[in-house]
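Q: Sharing a model that was predicted from the sequence below.
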Amino acid sequence: MGHTLYLKQMELGEMANYVYLIGSTRTKEAAVIDPAWEIDRIVKLAQVDEMRLTHILVTHTHPDHVGGKLFGLQIQGVAELLERVDAKVVVHQAEAGHLIPLAGSNIKRVDHGDILNLGDVTVTIIHTPGHTPGSQCFLVQDCLVTGDTLFIGSCGRVDLPGSSPEQMYDSLTNRVMRLDDKTVVLPGHNYAAGRTSSSIGEERKKNPYVQCRSLAAFLRATGNA
Ligand SMILES: [Zn+2]
């Protein structure tokens, strides 16, 4: 069914965020993952491609991914998008509370293993706490949208309020890196010069943060020991 996958990556805003549109070319339904910074451009791309935005998928609720106040900036996000489209906001249950002021009754709380259908394209929720308690990755066919959990060559920060280096180690080791080497990695930021995607196999070979053989080694690598 790979031929029906619709997938677009946009780099938006001042923090090199990647926003994704993902859906079905057959049914023309799509989700936007982590809408923020330039809502007009996101809506326009969906319009040009004749895709109907039925869902908003949230990897985690930091303002550079869902909108809100950050360092004195007011970033557009979920609230502004919901003024334009009527979509379900899919967020991990651990962080749904953060989105109530922005999304109210549109919120759909999910947990690890839940499945979502975008037309004939299936999205599997993989809960990957560590960067934040409700961080989650989205597995769509052979693509994994990783938010701030896994970057090309690195992983998300674990020194922020709500972060847990222990949980990040567990999420990377027992969830993300259990996926097939062919899985395409689509990160939440452009932090790798000239590279927009990777694969689980390539990260297994080159990413020092997923090569740690113990929690103690991971804590040392992330400056937590
Ligand atoms: Zn973040």
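A: Cool, got the structure.
Q: In terms of residue numbering, what are the domains of the chain?
A: With domains defined by automatic domain parsing, the chain comprises 1-110, 122-225.
Q: Can I get those domains in JSON lines including mean neighbour count, distance to residue 116 and mean pLDDT?
A: C-beta here means a position set from N, CA and C on the backbone, and glycine is covered the same way. Below are those laid out as JSON lines (neighbours: other CB atoms under 10 Å; distance: least, CB to CB, whole Å; pLDDT from 0 to 100):
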{"stretch": "domain 1-110", "mean neighbour count": "19", "distance to residue 116": "6", "mean pLDDT": "95"}
{"stretch": "domain 122-225", "mean neighbour count": "19", "distance to residue 116": "4", "mean pLDDT": "97"}
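Q: can I get those domains in CSV with distance to the ion?
A: Converted to CSV, these look like this (distance: least, CB to the ion, whole Å):
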stretch, distance to the ion
domain 1-110, 4
domain 122-225, 4
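Q: from the chain's centre, how far out does stretch 107-114 sit?
A: The chain centroid and the centroid of stretch 107-114 are separated by 14 Å, computed with CA atoms, centre = their mean, to the nearest Å.
Q: can you list contacts of that stretch?
A: Residues outside stretch 107-114 that contact it (CB atoms under 8 Å, 6 or more residues apart in numbering) are 88-93, 96, 99-100, 116, 124-127, 136.
Q: And those residues, which two are furthest apart?
A: 100 and 124 (25.1 Å; CB to CB).
Q: So residue 218 belongs to a strand, correct?
A: No: counting by DSSP: H, G, I helix; E, B strand; the rest coil, residue 218 falls outside a strand, being helix.
Q: Please, which helix or strand holds residue 53?
A: Secondary structure from DSSP states H and E places residue 53 in strand 52-57.
Q: then the helix or strand following that strand to CSV, C-alphas only?
A: The first helix or strand that comes after strand 52-57 along the chain, using DSSP H and E, is helix 63-66. Extracted in CSV, the C-alpha atoms of helix 63-66 (Å, rounded to 0.1, in the frame of the first residue of the first chain):
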residue,chain,number,x,y,z
PRO,A,63,6.0,25.7,22.0
ASP,A,64,8.3,25.4,19.0
HIS,A,65,6.2,22.3,18.0
VAL,A,66,2.6,23.4,19.0
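Q: What pairs with the helix or strand following helix 63-66, parallel or antiparallel?
A: Later in the chain than helix 63-66, the nearest helix or strand by DSSP H and E is strand 68-70. Sheet pairing of strand 68-70 (DSSP bridges) gives strand 73-75 (antiparallel).
Q: now the strand it pairs with, how far from the chain's geometric center?
A: For strand 73-75, the distance from its own C-alpha centre to the chain's C-alpha centre is 20 Å (CA atoms, centre = their mean).
Q: ditto for stretch 142-161
A: In terms of CA atoms, centre = their mean, the gap separating the centre of stretch 142-161 from the centre of its chain is 8 Å.
Q: Please apply the same query to stretch 119-128.
A: Centroid separation between stretch 119-128 and its chain, computed with CA atoms, centre = their mean, is 11 Å.
Q: and what of stretch 118-128?
A: Taking CA atoms, centre = their mean, one finds stretch 118-128 lying 12 Å from the centre of the chain it belongs to.
Q: cool, stretch 217-225 as well?
A: When C-alpha coordinates are averaged (CA atoms, centre = their mean), stretch 217-225 and its chain have centres 24 Å apart.
Q: repeat for stretch 50-67
A: How far stretch 50-67 lies from its chain's middle: 9 Å, per CA atoms, centre = their mean.
Q: All set, thanks.
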